[in-house]
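> My questions are about this predicted structure, shown below with the sequence.
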Amino acid sequence: MKNEQSNIIIAGIIIGIIATSLVLFGNPKNMGFCIACFIRDTAGGLGLHRAEAVQYIRPEIIGIVLGSFGLALFNREFSPKGGSAPMTRFTLGFFVMVGCLMFLGCPFRMILRLAGGDLNAAAGLIGFTLGILCGVWFLGKGYSLKRSYKLPKSEGFVLPVIQVVFFLLLVCAPGLLQFSPEGAGPGAMHAAVILSLLAGAAVGALAQRTRLCMVGGIRDLVLFGEKKLILGFIAILVSALAMNLIFTAVTPGVYFKLAAAEQPVAHTDALWNALGMLLAGFGCVLLGGCPLRQLVLSGEGNTDSAVAVLGLLTGAAFCHNFGLASSGKGPTANGKTAVILGLAVALCIAFSNTFRKDN
């Protein structure tokens, strides 16, 4: 147990260093890694939305899936399975993305924003924790999306193969894709393709090996008093904070700024930062893991998680096509309505899969 805990802490330290280093090499500030933001950018790169400020196929996402896939194959942990409430998982993935884009970040980026001194992320953390606690209550009452079933290996290969196709499009046929114009926004800010891919693969492999999950960390701490997963994310926070302070001291530019105002790709509406992450946290518990965990499980052959990832991708496109996503100016009216609707849908899913007669 001690060895496992140490491995998780070491993995968290390495991931924090990788995430902050990607900012040094070109990724947006406080966004060395953000699963929600990078899936949103990828949706834009594929032409699924028209917001030119956030259009770029992110190699980090490709790397996470392929890193998890490769290590799972190597360790003989690749085990395709699925069939557990696919449409429910798609819907939850969709609304988790709505919550993340209200806050402007996934749980991973929430940690990185805290490490960059962004006080708005504290409101997000409060909402995220409350959302997880809501989900934990339903878990304690018997919430379940029922069992999944073993599938042919070919089913588990689908999402990794799609990621390879995306990478080939990015490097061999960029004319078929959409790219944010230089200076247009976060989509135009990125590290070199190979560096981003390798960083993603490292994070995917580490997360696959250690089962890192922010949602799982808080959930396990509350349900079982088990702290090993949450220690991994504390390690990410500490190492990312240390790296930001070092970069601020020795390189041009500010990588750490303790303030709420004028933070990169963030807004200062505390209520909606909290409510966005409340929805994200609640939805992730109902899904069984955060967006990072869904990508990692997809790489292991879990088609239920792959369906959730498709829900995230669709949610990202929908948010930008219909004005649901926040910006640095704050949340939109459409976005607020979507978050409230998402909370209502998540509650309906939670109740129907907890108290139905066949449970």
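Noted; the coordinates are in hand.
> ranges for the strands of this structure?
81-82, 149-150 (DSSP state E).
> what's the first one in contact with?
Think strand 81-82. By Cβ atoms under 8 Å, 6 or more residues apart in numbering, the residues outside strand 81-82 that reach it are 148, 149, 150, 151, 155, 301, 302, 303, 304, 306, 307. All C-beta spots, glycine's among them, are computed from the backbone N, C-alpha and C.
> can you do 6 Å?
Strand 81-82 has contacts (Cβ atoms under 6 Å, 6 or more residues apart in numbering) with 148, 150, 151, 303, 304.
> Which two of the residues you listed have the greatest separation?
150 and 304 (12.4 Å; Cβ to Cβ).
> So if I had to pick from the two, which one is more boxed in?
Neighbour totals were compared for residue 150 and residue 304, and residue 304 leads with 23 against 12 (other Cβ atoms under 10 Å).
> gap between the more buried one and residue 13?
31 Å (Cβ to Cβ, to the nearest Å).
> which regions of the stretch 1-150 of the chain sit below the pLDDT cut-off?
Within the stretch 1-150 of the chain, the stretches with pLDDT under 70 are 1-2.
> at 90 instead, please
Counting by pLDDT under 90, the ranges of the stretch 1-150 of the chain that qualify are 1-5.
> Out of the strands of the chain, which is the most enclosed?
Highest mean neighbour count among the strands of the chain (mean count of other Cβ atoms under 10 Å): strand 81-82, with a mean of 19.
> Check the offset of it from the chain's centre.
21 Å (Cα atoms, centre = their mean, to the nearest Å).
> in the stretch 201-350 of the chain, which ranges drop under the pLDDT threshold?
The stretch 201-350 of the chain contains residues with pLDDT under 90 at 214, 216-217, 221-229, 251-254.
> Tell me how many other residues crowd residue 328.
Residue 328 has 13 nearby residues by other Cβ under 10 Å.
> who's in contact with it?
With Cβ under 6 Å, 6+ apart, residue 328 has these contacts: residue 267.
> Look up how far residue 250 lies from it.
Distance, residue 328 to residue 250, using Cβ to Cβ: 28 Å.
> now swap in residue 226 and tell me
Note on residue 226: its distance to residue 250, by Cβ to Cβ, is 38 Å.
> swap in residue 26?
According to Cβ to Cβ, residue 26 and residue 250 sit 18 Å apart.
> So between those two, which is more surrounded?
Between residue 26 and residue 250, counting by other Cβ under 10 Å, residue 26 is the more crowded of the two (14 against 7).
> Could you find the closest non-adjacent residue to the more buried one?
Leaving out its chain neighbours, the residue that sits closest to residue 26 by Cβ to Cβ, 6 or more residues apart in numbering is residue 191, at 4.3 Å.
> cool, and residue 214?
Nearest non-adjacent residue to residue 214 (Cβ to Cβ, 6+ apart): residue 107, at 4.0 Å.
> do residue 198 as well
residue 63 (6.6 Å).
> Now do the contacts for the one you found.
Applying Cβ under 6 Å, 6+ apart, the residues contacting residue 63 are 197, 200, 201, 204.
> can you list the residues you listed in a markdown table and add neighbour count and distance to residue 350?
Output for these, formatted as a markdown table (neighbours: other Cβ atoms under 10 Å; distance: Cβ to Cβ, whole Å):
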| residue | neighbour count | distance to residue 350 |
| --- | --- | --- |
| 197 | 23 | 37 |
| 200 | 27 | 32 |
| 201 | 22 | 35 |
| 204 | 28 | 29 |
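> now, which of these sits nearest residue 142?
residue 204 (32.4 Å).
> So the closest one sits against residue 67, correct?
Yes. With contacts counted by Cβ atoms under 6 Å, residue 204 reaches residue 67, the gap being 2.8 Å.
> Could I get the full set of helices for the chain?
For the chain, the helices defined by DSSP state H occupy 2-24, 35-45, 59-74, 86-103, 107-115, 120-140, 153-172, 193-210, 214-224, 228-250, 270-287, 291-299, 303-321, 333-352.
> Residue 259: which of those helices is closest?
Smallest distance to residue 259 across the helices of the chain (Cβ to Cβ): 9.2 Å, for helix 120-140.
> Now that closest one: buried residues?
For helix 120-140, a neighbour-count test (16 or more other Cβ atoms under 10 Å) marks 120-125, 127-136, 138-139 as buried.
> contacts for that helix?
With Cβ under 6 Å, 6+ apart as the test, helix 120-140 has contacts from 103, 110, 113-114, 215, 218-219, 222-223, 260, 266, 268, 270, 273-275, 277-278, 281-282, 285-286, 350, 354.
> sorry, back to before: show me which of the contacts of residue 63 is closest to residue 31.
Of all the contacts of residue 63, residue 31 sits closest to residue 200, with 13.7 Å by Cβ to Cβ.
> Looking at the helices of the chain, spot the one closest to residue 187.
Comparing the helices of the chain against residue 187 with Cβ to Cβ, the closest turns out to be helix 35-45 (5.1 Å).
> Give me the packing partners of the closest one, helices and strands only.
Helices and strands touching helix 35-45, as assessed by 3 or more Cβ pairs under 6 Å, 6 or more residues apart in numbering; DSSP states H and E, comprise helix 59-74, helix 291-299, helix 303-321.
> Report the angle between that helix and helix 107-115.
Calculated by axes from the mean of the first three to the mean of the last three Cα atoms, to 10 degrees, helix 35-45 forms an angle of 120 degrees with helix 107-115.
> Perfect, that will be all.
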